[in-house]
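A.B. asks: Dropping the sequence and predicted coords here.
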Amino acid sequence: LTTRLPAVGTTIFTRMSALAAQHGAVNLGQGFPDFACDARLVDLVAEAMRAGHNQYPPMTGTPALRRAIADKIGALYGHAYDADAEITVTAGATQALTTALLAVVHPGDEVIVIEPAYDSYMPAVELAGGVVVPVQMVLDDAGYRVPWERIAAAVSPRTRLIVVNSPHNPTGSVLREADLEALAAIVGGTQILVLSDEVYEHMVYDGQPHASVSRHPVLAARSFVVSSFGKTYHTTGWKIGYVAAPAPLMTEFRKVHQYNVFSVNAPMQHGIAAYMADPAPYLELPAFYQRKRDLFRAGLAGSRFELLPADGTYFQCVRYGAISPLPEAAFAEWLTTDIGVAAIPVSAFYRQPKESGIVRFCFAKRDETLALALERLASL
Ligand code: PMP
Ligand code: GLN
């Protein structure tokens, strides 16, 4: 059998979680909360099940949930998506990303992917027959940033799409308005589309706004915008998210979506639609996670880890060069097996493993979990 994905093995998240479980390590590797979601959300889903919402919902998502999503985007970012024609509920952000790429990338098309990159982008481009054109972020004293001049230089007549991700996994960096302007200057007046992964949209800290591409008319007109209720509502195991895009793009998306999953489980759509009537849970998220970020950073401040800026997401990247000369994957394994705290090597987010001496910790954990991890890390 000839593999469709020669560069791919089992994901780093699966491997590090297995290693953490095997060694009883505190798992700050794979990104997921270790605390419960809101009991009211569980009640609303259970009520939907008891009310009989247990058969196929509409292929595009329930009308109430699509309306709630469109209203939220309108209120936060000022772009009016048509809830019927421009919003689709997906089985998590992963399915939205892969489906969007399968829908618009033709064999031989080039797709610009900014590294370090979330691990699903490149395999999905390749399954679509596309060619990945990687461009690396720049890391300086201010943290990671996207070098737009290099993105512009990577554009060719075959460029179909650019993938962007803000807040960014794994670096925790965020795009600002000037970044949106730079991206718009590159794609404006071309046929190039944008796939914007905004699953951490409600995790931007220090009072900054989230720079959604839907805020920018030139970008909104050519972008798929993807988000995930798993991140926003502390329910990564529910695998439910959505994509928003202009109607012509969404028509193509749905052609693939209907044969990819057809539709997404009904009771959670009903429960989440009802839950979204109250914006407080996502409006409170920045303060909730900023406190955890600050607690985690304060706990590492006296160690030999060097903290990188963490402006968004629930990830903290650290340099460990003062502690160990090991390459990133070996250091993350050693931390897991010998120190009892699992982390993710940032090298796993590059096509050609790149050694920066940096690992990623997830701080979406109970304070007790963070305290236990810090007890183990702080002496290093
Ligand atoms: N994109 C990014 C940047 C992510 O971090 C994640 C979650 N790890 C996803 C997409 C996938 O989200 P979901 O679990 O909803 O498929
Ligand atoms: N998004 C999560 C992370 O970056 C992992 C999701 C997964 O395991 N595929 O840690």
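C.D. replies: That came through, no problem. Numbering: from 1, shown residues only. Ligands and ions are numbered 1, 2, ... in the order given.
A.B. asks: Identify the residue nearest the residue in the chain that ligand 1 sits nearest to in space, chain neighbours excluded?
C.D. replies: Closest contact between the chain and ligand 1, by CB to the nearest ligand atom, is at residue 92 (2.8 Å). C-beta: built from backbone N, CA, C; applies to glycine. In space, and not counting its chain neighbours, residue 92 is closest to residue 239: 3.9 Å by CB to CB, 6 or more residues apart in numbering.
A.B. asks: In contact with the one you found: list those residues for me.
C.D. replies: 91-92, 94-95, 230 (CB atoms under 8 Å, 6 or more residues apart in numbering).
A.B. asks: And it, how far from ligand 2?
C.D. replies: Using CB to the nearest ligand atom, to the nearest Å, we find residue 239 at a distance of 10 Å from ligand 2.
A.B. asks: Residue 319 too?
C.D. replies: Noted for residue 319: a distance of 19 Å to ligand 2, by CB to the nearest ligand atom.
A.B. asks: Tell me if I'm right that that residue and residue 309 touch.
C.D. replies: No - contact criterion CB atoms under 8 Å: residue 319 and residue 309 do not qualify, at 12.0 Å.
A.B. asks: What residues does this protein have near ligand 2?
C.D. replies: 11, 13, 30-31, 169 (CB under 6 Å from any ligand atom).
A.B. asks: can you rerun that using 8 Å?
C.D. replies: Counting by CB under 8 Å from any ligand atom, the chain comes close to ligand 2 at 11, 13-14, 17, 29-32, 94, 118-120, 169-170, 199, 236, 315, 344, 360, 362.
A.B. asks: Can you tell me which of those are classed as buried?
C.D. replies: 17, 29-32, 94, 118-120, 169-170, 199, 236, 315, 344, 360, 362 (16 or more other CB atoms under 10 Å).
A.B. asks: What's the local residue count around the residue nearest to residue 240 when sequence neighbours are not counted?
C.D. replies: Computed as CB to CB, 6+ apart, the closest residue to residue 240 that is not its neighbour in sequence is residue 229, at 4.9 Å. Residues near residue 229, counting by other CB atoms under 10 Å, number 28.
A.B. asks: residues in contact with residue 229?
C.D. replies: Listed by CB under 8 Å, 6+ apart, the contact set of residue 229 reads 235, 238, 240-242, 268, 272.
A.B. asks: just those now: which is nearest residue 66?
C.D. replies: Nearest to residue 66 out of the contacts of residue 229 is residue 242 (CB to CB; 8.0 Å).
A.B. asks: Name the helix or strand for the closest one, please.
C.D. replies: Residue 242 is located in strand 241-244, with elements delineated by DSSP states H and E.
A.B. asks: so what's residue 164 bridging to?
C.D. replies: residue 196 (DSSP bridges).
A.B. asks: Go ahead and confirm it touches residue 112.
C.D. replies: No - using CB under 8 Å, residue 164 is not in contact with residue 112, being 9.2 Å away.
A.B. asks: For the closest residue to ligand 2 within the stretch 201-350 of the chain, give me its contacts.
C.D. replies: Residue nearest to ligand 2 within the stretch 201-350 of the chain (CB to the nearest ligand atom): residue 344, separated by 6.4 Å. Residues near residue 344 by CB under 8 Å, 6+ apart: 12-13, 16, 29-30, 170, 332, 359-360, 362.
A.B. asks: a markdown table please, covering those and showing pLDDT.
C.D. replies: Below are these laid out as a markdown table (pLDDT from 0 to 100):
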| residue | pLDDT |
| --- | --- |
| 12 | 95 |
| 13 | 95 |
| 16 | 97 |
| 29 | 97 |
| 30 | 96 |
| 170 | 98 |
| 332 | 98 |
| 359 | 98 |
| 360 | 98 |
| 362 | 98 |
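A.B. asks: what does the stretch 201-350 of the chain have sitting close to ligand 1?
C.D. replies: Within the stretch 201-350 of the chain, the positions adjacent to ligand 1 are 226, 228-231, 236, 239-241, 313 by CB under 8 Å from any ligand atom.
A.B. asks: Highest neighbour count among those?
C.D. replies: Counting neighbours by other CB under 10 Å, residue 313 comes out on top of these with 30 neighbours.
A.B. asks: Just the local confidence number for that one, please.
C.D. replies: For residue 313, the model assigns a pLDDT of 98.
A.B. asks: Please apply the same query to residue 287.
C.D. replies: Note for residue 287: predicted pLDDT of 98.
A.B. asks: Just give the number of residues close to it.
C.D. replies: Neighbour count of residue 287, defined by other CB under 10 Å: 9.
A.B. asks: before we move on, what SS does it have?
C.D. replies: With DSSP: H, G, I helix; E, B strand; the rest coil as the basis, residue 287 sits in helix.
A.B. asks: Break this structure down into its domains, please.
C.D. replies: Following automatic domain parsing, one gets these domains for the chain: 12-30+286-377, 39-281.
A.B. asks: Go through those domains and name the closest to residue 2.
C.D. replies: Residue 2 sits nearest to domain 39-281 of all the domains of the chain, at 13.5 Å, using CB to CB.
A.B. asks: and whichever residue of the stretch 151-300 of the chain sits closest to ligand 2, what are its phi and psi?
C.D. replies: Ligand 2 sits closest to residue 169 of the stretch 151-300 of the chain, with a gap of 5.0 Å, by CB to the nearest ligand atom. When read as degrees, to the nearest 10, the backbone of residue 169 gives phi -100, psi 120.
A.B. asks: Got the confidence number for the nearest residue to it once chain neighbours are set aside?
C.D. replies: Distances taken as CB to CB, 6+ apart place residue 118 nearest to residue 169, at 5.2 Å, with adjacent residues excluded. For residue 118, the pLDDT comes out at 98.
A.B. asks: show me what contacts residue 118?
C.D. replies: With CB under 8 Å, 6+ apart, residue 118 has these contacts: 165, 169-170, 197, 349.
A.B. asks: is it true that residue 70 lies in a helix?
C.D. replies: Yes - counting by three-state DSSP, residue 70 falls inside a helix.
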